[in-house]
Structure formats: C-alpha cells, structure tokens
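**Q** Sequence and predicted structure, then a few things I'm wondering about:
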Amino acid sequence: MKKLLYQFDTDPHPAVFDNVVAYDGGADHVTAYGGITPANVGGLVDGAIFTRAPKDKKNTAIFVGGSNMADGEALFKAVRKKFFANFRVSVMLDSNGSNTTAAAGVAWLAHGRSLAGKRAVVLAGTGPVGQRAAVMLAKEGARVAITSRTLARAQAAAQAIAERFKIEVDAIEAADNAARARAIEGANLVFATGAAGVALLDEAAWKDHPQLELLSDANATPTLGIEGIDMMDKGAQRHGKTVFGAIGFGALKIALHRACIARMFEQQDLVLDGEEIYAIAKTMVAG
C-alpha cells in the first residue's frame, strides 16, 4: 500500500523544501495544499481518516507547515480536533522548519553537557525557530531571554511562549548590533535565529566575552547572523568557545525531518510537535 503524505501549508504556496524532504523521508506520494486554515481543513482531514481500514491508516499521514507559527499551531489543533476513536492518522507540525531546526540546534548545544542554570540568549528570537529554541533551552534548565528590535514584539513572543508552554522567558529590546552586544552580557550561550542574510552580532562582541561558552547561528545565507562563525562549524573552537554554524547542525536538521516523516508511517496515531521532535533529535545528535 502506498505511503501518502498530505502537506497542509498555511501559506498560499506550499513549501517546496517540505515537499522534497517528505519524499526523501519515505513518502511514496505527497499532495501539497496551500492556503489551508482551520476553517477549510475539515474536509481534507476527513478524506485522510475515513478512506483506509484501521490496519492501513498508518500509510496515511499529515504534515502541517507554513511560515507563520501561530497559524500553524491553530491548523495543527484543528486537524487533531477532527480525530476520534480509531479515525486518526499521524500528524507533524513544522512551521517554517521551526521544530526540526530548533531541535537540531539545541540538541547539539546540549550534547555532552548540562545547560541547567546557564543563561541563554536567543537573538531575533520572536520568529518560529527562535520561539521553539527558547522553549527547548528552557526545558534543558537554561535561563532564557529572547531579543527583538522592539520590546513590544519580544514581550508578545514571551507571552505566547508562556501561554502555550507555561515557560517564562525574558524579553529584551535590541534594535542593533550594539544593543545585542549588551543583551548577551553575562550570557553563557547565544543562539541566533534571525532572518536570512541579517547580521545580528559582531565578532568583537563575543570573541573575548568572559562567560560565553556556546554559540550557534541558524542563518546559512550570507551575511551570517554571527560574525566570526563559519556556516560549516560543527562544534568548532573559536576564541575558546564552542560554535555551530547553520550547515554544521543543518545535517541533523535534515536527517531529523526525514526521520520524523518515516516514523509517521510506522503507526497511525503519532503526534509530532516540538517536544516529540526534540526527543528524537537527542537520540540522533551524535549519529
């Protein structure tokens, strides 16, 4: 029986990236829909859950994507609300690659060391990847702050995290590189999760930083987010700090995304959100 993946994207055009990885993860056929909302997803879910016998439902799965985390979470919730009794299929949420990217990055940062009690700053942390990374770092015991160009946006993201995950993170306004240099004072860990091609932190701000131990940059598009880190860095030592570039931990991100797709076809009721995806990442990090 063919393994069918239905890609529900909150953006008008479904992400090609997610489509490709779905095939590489083991789907035999991927049907991608754009512009999906909680209001129009019902019939699509019905088609997925009512067409195959219980023993065959593991061969159907749903992937929720799109660039907006809040929209993705709402859609993910609406999809799951349609499930009942044995009428369900496995489903995964990865808006803007947020869960898989954050999980891969944090898994490497936490690999072989404890982050408990560490002060962690997520630069440009109000986007999907930044918010998920903040949650994962906090669950590792770190004291987390997120920055944004405006305090209101940072506070809104912190509030969303508190409401969704019952986790408190600090909000810091940091409109430019100088402000971000001040924001990382006293930090042990920095994770940059800004937009592609946007420089967030100068090398001079971190190379002689006395407490800083770990840095990771999720941006693979020049100009990189953290100056002085190479995108290929994978636990490299620079200025006495352990650093990771986007491609360095990106291999785990891609492998993780594929592995999650594959796992959805092993059972009919798997639910993969941030916590579950991060748990898988931690088992793969040294592979």
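**A** Sure, I can see it. Numbering: from 1, shown residues only.
**Q** Give me the number of neighbouring residues for Asp18.
**A** Other residues near Asp18 number 25, with proximity taken as other Cβ atoms under 10 Å. To be clear about C-beta, it is placed using only N, CA and C from the backbone, and glycine gets the same treatment.
**Q** which residues touch it?
**A** 7, 9, 32, 63, 65, 94, 97 (Cβ atoms under 8 Å, 6 or more residues apart in numbering).
**Q** go on, Leu270?
**A** Applying Cβ under 8 Å, 6+ apart, we find Leu270 in contact with 90-92, 263-264, 276.
**Q** could you redo the last one with a cut-off of 7 Å?
**A** 90, 263-264 (Cβ atoms under 7 Å, 6 or more residues apart in numbering).
**Q** Let me know how buried Ala61 is, in neighbour terms.
**A** For Ala61, the neighbour count with other Cβ under 10 Å is 32.
**Q** do the one 4 residues further on as well
**A** Residues contacting Gly65 under the criterion other Cβ under 10 Å number 28.
**Q** My read is that it contacts Asp94, right?
**A** Yes - counting by Cβ atoms under 7 Å, Asp94 is a contact partner of Gly65 at 5.8 Å.
**Q** contacting residues around Leu153?
**A** Rather than Leu, residue 153 is Arg. Thr126.
**Q** for it, phi and psi?
**A** phi -70, psi -40 (degrees, to the nearest 10).
**Q** gap between it and Asn68?
**A** 14 Å (Cβ to Cβ, to the nearest Å).
**Q** ok, so of the contacts of Asp18, who is nearest Ala187?
**A** Nearest to Ala187 among the contacts of Asp18 is Gly97, at 24.7 Å by Cβ to Cβ.
**Q** Helix, strand or coil: sort out that closest one for me.
**A** Per DSSP: H, G, I helix; E, B strand; the rest coil, the secondary structure class of Gly97 is helix.
**Q** okay, now it: neighbour count?
**A** By other Cβ under 10 Å, 23 other residues sit near Gly97.
**Q** mind listing the helices for the stretch 151-287 of the chain?
**A** Using DSSP state H, counting those that start in this stretch, the helices assigned to the stretch 151-287 of the chain run over residues 151-165, 177-183, 203-206, 246-264, 274-284.
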